[in-house]
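> Mind folding the following:
(2 chains)
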Amino acid sequence: MNVAILGATRGMGRAVARRLAERGDALFLLGRDREELSRSAVDLEQRGAALPVGSAVCDLERPAGFVTALAQAEERLAGLDAVVVTAAQFATQEALEANAERTRRLLDVNFARTVEFCERARERLLAGGGGTLCVFSSVAGDRGRRPVVLYGASKAGLTAYLEGVDHKFHGEGLRVVCVKPGFVKTSMTAGLTPPPFAGEPDAVARRVVRAIDRGTPVVYAPAIWRWILLLIRLLPRAVMRRIGF
Amino acid sequence: MAKQPMLSGWGMIGRPGRELRSEDLAAVAAGVSLTRGLGRSYGDSSLPANGGAVAASPLADRILGFDPESGRLRAEAGVALGDLNRLFWPRGWSSPVLPGTQHVTLGGMVAADVHGKNHHVDGTFGRHVRKLRVLLANGRVVECSREEESELFRATLGGMGLTGHILELEVDLQPIPSPWIWSESERIAGVDEFVAALRAAASDWPFTVGWFDALATGEKLGRGILMKGRWATAEEAPAAAPAPKRRLAVPFHFPGWTLNRLSIWLFNTLYFHKHPRRPRAGIVHPETFFHPLDAIRHWNRIYGRRGFTQHQCVLPEHENPGAARRLLEDLTGAGGASFLCVIKDCGEEGEGVLSFPQPGISIAIDLPAGGGIQPVIDTLNRRVRAEGGRIYLAKDTFTRAEDFRAMETRLAAFEEIRRRYDPQRTLHSAQSVRLLGDAV
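Numbering: from 1, shown residues only, chains lettered A, B, ... in the order given. Model prediction:
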C-alpha cells in the first residue's frame, strides 16, 4: 500500500508508520521539521518500508503548502492509496484557559486546518480513483466534558466533518477512517496520570492499520473505549455535571 | 493531596520521582540530574536522589542508520534491545553482547557496560561501541569516541549515566550464520566443579552460563546446570526465522509469604532434577537461550510488594582459588535464601573506567528485600573485599559506601574525569549519592 502520513515523526504517527513499514508498505512522510523527517525516514527504511522513504515539509499552520506536499507524495509513491493524519495540537484545559492565543491556534490547527488538509487529500485520492483517508480525532470529541472543553470541541468538529465527508463521497470510492483514541501513553500525554484502560501506542497502531485495510469508518482504540464512550454519551446531563469526568 | 509519584528499578523498591518522556530526549534531559532507560537496573541506579524528575529515553527509539557492509549501527539511545533483536536477527546480524533481558535500551547497555554469556570472548558491550553522542551537564552536546574526547568516552562506558546524558550511539553488530542457537547443557555437581567446567568450556563455546542452587548444602553446594551455546549454522537451523515468543505474565504481586526457604528449595530442587542426567543438545530459540527470564513478564512480582535485590559480584578465582565457594558458604552462613543463582566466567576487563567485569567468576544472587537483607549484603561484600572482587552497580541497592570504596580502586580516576566534565556533580542518581557521596 502507498501511504502518505502527516505527523509520522512522533507519537501515534510514529507507531502507525512503523506497523506499515514492517509489512513493507511504501511511505511518504509529511511534517514540520525537515531534519526530523529524514531521521524518521531512515528508521522506517530499517524497519522494512519499501525503499526509499521520501518526505516533504508540510505544516498544518501553512495551508498554502498542502497541495504541493500531497502532489510530491503522490509523485514519489507513484500513486496514493491512503493518507493518514495524526498531527494535531494538545494542551490541558487549564493551559488553554490561561492563554487565549494558544487556544486560537489549537482550534485553528485541530479543526480548520486539518479539515482543509483533508479536503486537499480527498480531492487527490478521488482524482486517483479513490482511496482511504484516515484521520485521528479523539474520544474527547464524543461529548462535551469538563477536562477537555476546548480540545474536545476541536475534535468534535473534526469528527462531524469526517462523518459527513464519508457519507458524501463513499459512493465515489473514498473510504474514511475516523480514529478515536482513548488515553494512549505517548509523549502527548506524558506527565498526565494514565487512567484505567490506557493504551500502548503499538496496540493502538495495530487496530488502526486493520481499520485502514478494511475501511472501518469509526475505530475506537483501545477497543474498550468504544463501550466507555457509549456509556458516557448515554449519561444524562445532570449526572455528567456531578461526576466531573 | 495527590499521591506522590514513585519510581523504582526492577527490584521494585520505590523512591519518590517521576519520568520526563519525549521523542526529543535532549529537550527533556536538559537540566535534569539523570537519564534512565527502561528502568531494568535492579536498585537505585536509575532513580533521582531528591524525588525530582529524571529524563526517560524509551520514546527516543529511532534507528538512524545501518551499514550492511561493516555492520555499524547508529541509533538513538532509547532503542530497546528487544526491538533490535526482532529487526536484525532475521537479517543475519546480532547485538555483539546480549544481557539476560532484552527489555533494556541501548543507552542503558552503554551506561551499565553490560556483559553477556560471551564475556569470556567478546567482552562487554562497550568494546563494540564506536561513538557516543552525549549531552553534558553544561548543556553542550559532544560526540566522543576512542579518538575524540576519549576520556569522556571511556568514563561513559559503565559510568551509570553520571558523565552525561547518552543521546545516540554507534555500535558494530556481529554477523550471525542463522538466528537460532545450538545449545548443549549438562548437570554440574557443585560450585568448584562449576568453576572448572566453565573454564573448560571457554575455549570451545562462545556462550556459556550456569544456574545453580545455593540452598543445596555440603557436597551439593552450588550444584546446577551449565549451558553452552553457539549460533547455529545455516544447515542446522530451521528454515523459518524465530517468531517472537508469546509470554505469560505474573498478574499481580504475590503475597509476602509465598517465597520462603521451603518454596525456594522446592523450586531449585525441581529445576535441577528436571534436567536429565545425560547432557542435552539441540537447537533452541535465541530468546529462550539469551533472555530466559523474559518468558514471564513481571516475574519480579513473585517477590511481593517488599521487592528484592540482586547481589552480583566478580571474584578473581584464579588468583584466589575457591573464592566462589567461600562466597556461597558465607551466604548460607548468613541465612540468605536465593532462587537459582547465575554463575559466569569473565574475561578481560573492559575499557570503561568503572566497567564491572574483571577476569574471574561472576556470581549473581537474588534476595528478597525486607528486614534481614542488610546483614546478608554486608556479609557478601566482606567476602568480595577479602577476595579482591567487586560488585555490579546495575544490580546494587544495599551496598555501603565504605565497602564500595574499598572494592573500587578505579574510583579516583572516574571522579577525576567526572570533575572535568561536571564539577558541580549536577548529574547524579540516588545510587551515586549513596555510594559516591554526591550531595543532593
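> which residues sit against stretch A:24-38?
A:1-9, A:17, A:20-21, A:40-41, A:44, A:48-50, A:53-59, A:69, A:72-73, A:76-77, A:87 (C-beta atoms under 8 Å, 6 or more residues apart in numbering or on different chains). All C-beta atoms are positioned from the backbone trio N, CA, C, and that covers glycine.
> near chain B too, which of the residues you listed?
With C-beta under 8 Å from any C-beta of the partner chain as the criterion, the contacts of stretch A:24-38 include A:Thr9, A:Ser40, A:Gly48 near chain B.
> quick one: which of those residues is nearest chain B?
Within those, the smallest distance to chain B is 6.4 Å, found for A:Ser40 (C-beta to the nearest C-beta).
> Would you agree that closest one is in contact with A:Ile5?
No: the criterion here is C-beta atoms under 8 Å, and A:Ser40 misses it with A:Ile5 at 9.5 Å.
> Quick one: classify B:Phe414 as helix, strand or coil.
helix (DSSP: H, G, I helix; E, B strand; the rest coil).
> okay, it: pLDDT?
B:Phe414 carries a pLDDT value of 98.
> Settle this for me: it is touching B:Leu393, isn't it.
No: B:Phe414 lies out of contact with B:Leu393 (C-beta under 8 Å); the separation is 11.2 Å.
> Between these two, which contacts overlap?
B:Leu354.
> Between those two, which has more neighbouring residues?
Taking other C-beta atoms under 10 Å in any protein chain shown, B:Phe414 and B:Leu393 do not tie; B:Leu393 has more neighbours (30 against 21).
> Look up how far chain A lies from that one.
From B:Leu393 over to chain A the distance is 28 Å, taken as C-beta to the nearest C-beta, to the nearest Å.
> Check B:Lys3 and give its pLDDT.
B:Lys3 is assigned 69 on the pLDDT scale.
> Equivalent analysis for B:Pro177, please.
For B:Pro177, the predicted pLDDT is 97.
> That one reaches B:Arg230, doesn't it?
No: B:Pro177 is beyond contact range of B:Arg230, at 9.2 Å (criterion: C-beta under 8 Å).
> show me the contacts for whatever residue of the stretch 201-350 of chain B ends up closest to chain A.
The nearest approach of the stretch 201-350 of chain B to chain A comes at B:Pro244, 11.9 Å away (C-beta to the nearest C-beta). Counting by C-beta under 8 Å, 6+ apart, B:Pro244 makes contact with B:Arg86, B:Glu287.
> Can you tell me the number of residues neighbouring B:Lys240?
No, residue B:240 isn't Lys; it's Ala. 9.
> swap in the one 10 residues further on?
A count of nearby residues for B:Val250, using other C-beta under 10 Å, gives 14.
> Would you mind confirming that it is in contact with B:Ile302?
Yes: contact criterion C-beta under 8 Å: B:Val250 and B:Ile302 qualify, at 6.0 Å.
> before we move on, what SS does the residue of the stretch 201-350 of chain B closest to chain A have?
coil.
> pLDDT weak spots in chain A?
Where chain A drops to pLDDT under 70, the residues are A:245.
> Tell me where the longest strand sits in it.
Ranked by residue count under DSSP state E, the longest strand found in chain A is strand A:174-181.
> Okay, and B:Val342 sits in which element?
Assessed by DSSP states H and E, B:Val342 sits inside strand B:341-346.
> What strands line up against that strand, and which way round?
Its sheet considered, strand B:341-346 pairs with strand B:207-213 (antiparallel), strand B:360-368 (antiparallel) by DSSP bridges.
> After the longest one, which helix or strand is next?
Right, the one you point to is strand B:360-368. Going down the chain from strand B:360-368, the next helix or strand is helix B:373-387, by DSSP H and E.
> ditto for the shortest one
Proceeding N to C from strand B:207-213, the next assigned helix or strand is strand B:223-231, under DSSP H and E.
> Skip ahead from that next one and say which helix or strand is next.
Note on strand B:223-231: by DSSP H and E, the next helix or strand toward the C-terminus is strand B:248-249.
> ok, that following strand near chain A or not?
No: using C-beta under 8 Å from any C-beta, strand B:248-249 stays clear of chain A, coming no nearer than 14.0 Å.
> go on, stretch B:284-298?
No: on the criterion C-beta under 8 Å from any C-beta, stretch B:284-298 is out of touch with chain A, staying 12.9 Å away.
> What's the mean pLDDT across that stretch?
The average pLDDT within stretch B:284-298 is 91.
> Name the residues of that stretch that come out as buried.
B:Val284, B:His285, B:Pro286, B:Glu287, B:Phe289, B:Phe290, B:His291, B:Asp294 (16 or more other C-beta atoms under 10 Å in any protein chain shown).
> Then stretch A:80-93?
Neighbour counts over stretch A:80-93 (16+ other C-beta under 10 Å) mark A:80-91, A:93 as buried.
> distance between it and the chain's centre?
3 Å (C-alpha atoms, centre = their mean, to the nearest Å).
> could you dump that stretch to PDB, C-alpha only?
Extracted in PDB, the C-alpha atoms of stretch A:80-93 (Å, rounded to 0.1, in the frame of the first residue of the first chain):
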ATOM      1  CA  LEU A  80      -1.600   7.200  -3.400                       C
ATOM      2  CA  ASP A  81      -3.700   4.500  -1.600                       C
ATOM      3  CA  ALA A  82      -4.100   6.200   1.700                       C
ATOM      4  CA  VAL A  83      -3.500   9.500   3.500                       C
ATOM      5  CA  VAL A  84      -3.100   9.300   7.300                       C
ATOM      6  CA  VAL A  85      -3.300  12.400   9.500                       C
ATOM      7  CA  THR A  86      -2.100  12.100  13.100                       C
ATOM      8  CA  ALA A  87      -0.700  15.600  13.500                       C
ATOM      9  CA  ALA A  88      -2.600  17.800  16.000                       C
ATOM     10  CA  GLN A  89      -2.000  20.100  18.900                       C
ATOM     11  CA  PHE A  90      -2.800  19.200  22.500                       C
ATOM     12  CA  ALA A  91      -2.800  21.200  25.700                       C
ATOM     13  CA  THR A  92      -4.600  20.800  29.000                       C
ATOM     14  CA  GLN A  93      -7.800  22.700  29.600                       C
END
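> Enumerate every residue touching the closest residue to A:Ala203 other than its chain neighbours.
Counting by C-beta to C-beta, 6 or more residues apart in numbering or on different chains, A:Ala203 lies nearest to A:Pro222, which is 6.3 Å off, once chain neighbours are set aside. Contact criterion C-beta under 8 Å, 6+ apart gives A:Gly182, A:Val184, A:Phe197, A:Gly199, A:Ala203, A:Val204, A:Arg207 as the residues in contact with A:Pro222.
> redo that, cut-off 10 Å
Neighbouring residues of A:Pro222 by C-beta atoms under 10 Å, 6 or more residues apart in numbering or on different chains: A:Pro181, A:Gly182, A:Phe183, A:Val184, A:Phe197, A:Ala198, A:Gly199, A:Glu200, A:Ala203, A:Val204, A:Arg207, A:Ile228.
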